[in-house]
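K.L.:
build me a model from this:
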Amino acid sequence: MNRPGSVVMASALFYNYLAVKAADRGRVIGRIRVNILVVDDEKRISEFLVKVAHKEGYTEVDTVPTATEAVTQVMRQEYDLITLDLKMPDASGLEIISTLRNMCPHAVIVVISGFLPEAVSAEVAGCVDLMLSKPVRVDALTRLFRAADQISQILDEIQLLGSGEAAES
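P.N.:
Below is the predicted model:
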């Protein structure tokens with residue numbers, strides 16, 4: 001059984017983030033421009049996630065209450081971080097995880113749910129970066145937002161390197 005707020009699964013992406021964080025302790029993030037999508041049918045949970053994000057300076061936060069609306073929203077806009085509940089009125093979050101991953105391949109996808117499965121399929125495990133059980137602590141969300149910001153910056157830098165536009169350091 002999972003304890004509230006416990007981390008159930010983390011991908012290689014987050015382990016790499018931790019290595020970068022350890023090598024770069026104390027660095028202040030210069031720009032906060034992470035696009036966040038919160039997918040949860042519980043309004044109080046969505047509002048809580050938005051409030052924490054705004055308090056940390058992340059203002060680009062969209063919320064949707066259903067799996068169908070999540071897919072529609074991701075068709076309209078690219079996201080750096082997607083938080084996803086598992087139990088929603090129209091479908092399980094598990095049913096759309098691979099769709100979201102295909103549509104936003106570089107997004108950090110985090111399942112935040114009070115109903116985490118004991119085991120997940122290999123397909124789901126390959127699409128999710130992190131699974132957190134509700135209730136989630138504010139400090140865990142703050143670290144999550146900052147990690148998504150750093151990952152987004154790293155991916156931007158890689159893209160610049162690939163296009164030959166990166167400035168020499």
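K.L.:
please, where are all the helices along the protein?
P.N.:
12-23, 43-55, 67-76, 93-103, 122-127, 138-163 (DSSP state H).
K.L.:
need the winner for burial among those helices.
P.N.:
helix 93-103 (a mean of 18; mean count of other CB atoms under 10 Å). Using the backbone N, CA and C atoms, a C-beta is placed for each residue, glycine as well.
K.L.:
out of the helices of the chain, which comes closest to Val34?
P.N.:
helix 138-163 (4.8 Å; CB to CB).
K.L.:
got the angle for that closest one vs helix 43-55?
P.N.:
Taking axes from the mean of the first three to the mean of the last three CA atoms, to 10 degrees, one finds that helix 138-163 is oriented at 60 degrees with respect to helix 43-55.
K.L.:
and helix 138-163, what does it pack onto?
P.N.:
Secondary-structure packing of helix 138-163 (3 or more CB pairs under 8 Å, 6 or more residues apart in numbering; DSSP states H and E): helix 12-23, helix 43-55, strand 81-84, strand 108-113.
K.L.:
pretty sure Pro89 is touching Thr66, no?
P.N.:
Yes: counting by CB atoms under 8 Å, Pro89 does reach Thr66; the two are 6.1 Å apart.
K.L.:
shared neighbours of these two, anything?
P.N.:
Asp41 (CB atoms under 8 Å, 6 or more residues apart in numbering).
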